[in-house]
Each structure stands twice: as C-alpha cells, then as structure tokens.
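Visitor: after the sequence you'll find the predicted model.
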Amino acid sequence: MSHAAPSAPTRQRIITAVLRIIGEDGVAAVTNRRIAKEAGVSLGSITYHFETQHELLRESLLHFVREEARHFTELADQCRTEGIDVEDAASLAGQVARGSALDSAHLAPFELYLHAGRDERLREAAAEAFRAYDRLAIQILTALGVADAERLAATAVALVMGLQLRRLATGSPADDLADALLLLVQGPAGQPVPAPSGGPAAR
C-alpha cells in the first residue's frame with residue numbers, strides 16, 4: 001500500500017518513499033520493487049527519474065538536507081528580526097528538537113551518512129550536507145551576536161547531530177540540546193567562549 005501523497009510529483013514520492021524505507025530498514029532494504037509499492041508508482045518511473053541507486057540515494061540525502069536547511073533558515077531569520085538572546089535561542093532550539101518527530105524519515109540521514117563512509121560516491125553529497133548545516137550555524141550564531149561564529153559552527157553542528165543521535169538511541173529529552181548549546185556558546189561559567197590564541201588565523 002502506498003504511503004506517499006498521490007498528488008505529489010512522482011519524483012518527490014519516490015524520494016519520500018526511499019527516506020522512509022532507509023529509516024525503517026536501512027539502505028540494504030531499498031529496492032525498486034519496494035520503492036514502487038511505498039510510493040505508489042510504476043517500476044519504470046523509478047529508473048526514468050533515477051538512472052542508478054547511487055543517484056537515488058544521493059538525491060534523497062540532499063533533498064532531506066535542503067528541507068532542513070529551509071526550516072532552519074527561517075529560524076535564523078527569526079533570530080535576526082526578533083533580536084532574541086542566546087538563552088532564548090537555545091530554548092527555541094530545544095522546542096524545535098522536541099517538535100521534531102524521531103520517525104523513519106529522520107533516521108534515514110544517519111543511515112546515509114554511515115553508508116557514505118562505506119561508499120565514497122556518496123561522500124560529496126554528505127560533504128554538501130554538512131556544508132549547508134555549517135552555513136546555517138554561522139548564520140544563526142552571527143544573528144545572536146556570538147563572537148567567532150565561523151570557528152564554533154562545525155562544533156555546534158556536531159553537537160546538535162550527536163545529541164539527536166543520542167535521542168534516537170536512548171530516548172533522552174530534547175532539553176539536553178538547549179543546555180548543551182548554552183554550554184558551547186557561553187562556557188561552563190556562563191561566559192562567552194574565548195577565541196583561540198592568534199584569532200582565526202591560528203586554526
């Protein structure tokens with residue numbers, strides 16, 4: 001039985017089905033027959049839109065990241081226009097995390113990142129995904145007035161993704177995310193994290 005919206009474009013229905021399948025049963029479970037069943041499309045339409053499984057996996061990963069990027073860009077714009085402080089932003093991040101269903105579609109990217117470690121053809125797509133997250137982290141941290149946003153961006157992304165992975169594995173609360181972001185930005189004593197000796201050039 002198809003789980004995809006019948007009104008969605010065929011390509012989008014295929015990608016949605018792929019992400020769901022990966023999240024439920026892993027990359028190895030992605031077959032054209034199962035995709036066709038989940039998406040409610042013909043077998044021929046899958047190969048029409050995606051010549052290889054590699055292309056299908058790559059585009060599915062990038063689609064998920066682009067949707068995430070759009071969502072967090074809206075969050076960054078909200079930070080800029082409303083002038084919220086770091087505590088408010090951390091609290092908002094926690095609310096976003098709590099509202100993010102840890103469903104099969106959100107499990108799929110972690111599966112794909114692991115698969116990229118085994119299949120170098122997917123690594124550029126994974127790198128593009130992390131570049132998008134880094135850019136958004138810089139935008140959000142800069143909007144909050146955080147010094148050295150570029151230096152902290154990759155660490156912030158790694159922290160968020162690591163805590164989300166922990167939530168998936170243990171069911172730990174999303175509040176941990178807000179506390180961890182405050183610790184990253186303010187330090188254990190509630191003071192801004194100092195820049196490294198020599199500034200950005202020291203990296």
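Guide: The structure has been received and is ready for your questions.

Visitor: please make it C-alpha for all contacts and neighbour counts, starting now.
Guide: Fine.

Visitor: ok, which stretches of this structure are helices?
Guide: 10-25, 32-39, 43-49, 53-82, 86-99, 104-118, 123-143, 149-170, 175-186 (DSSP state H).

Visitor: what's the most buried one of the ones you listed?
Guide: Highest mean neighbour count among the helices of the chain (mean count of other C-alpha atoms under 10 Å): helix 10-25, with a mean of 22.

Visitor: P9: neighbour count?
Guide: By other C-alpha atoms under 10 Å, the residues close to P9 number 9.

Visitor: from G117, how far out is I22?
Guide: 16 Å (C-alpha to C-alpha, to the nearest Å).

Visitor: least confident of the helices of the chain, on average?
Guide: In terms of average pLDDT, helix 86-99 trails the rest of the helices of the chain, at a mean of 63.

Visitor: grab the nearest non-local neighbour of V41.
Guide: T10 (7.1 Å; C-alpha to C-alpha, 6 or more residues apart in numbering).

Visitor: quick one: the one you found from K37, how far?
Guide: The value you get for T10 to K37, if C-alpha to C-alpha is used, is 13 Å.

Visitor: and if you look at V30?
Guide: Per C-alpha to C-alpha, V30 is found 11 Å from K37.

Visitor: quickly list the domain ranges of the chain.
Guide: 1-51, 61-191 (automatic domain parsing).
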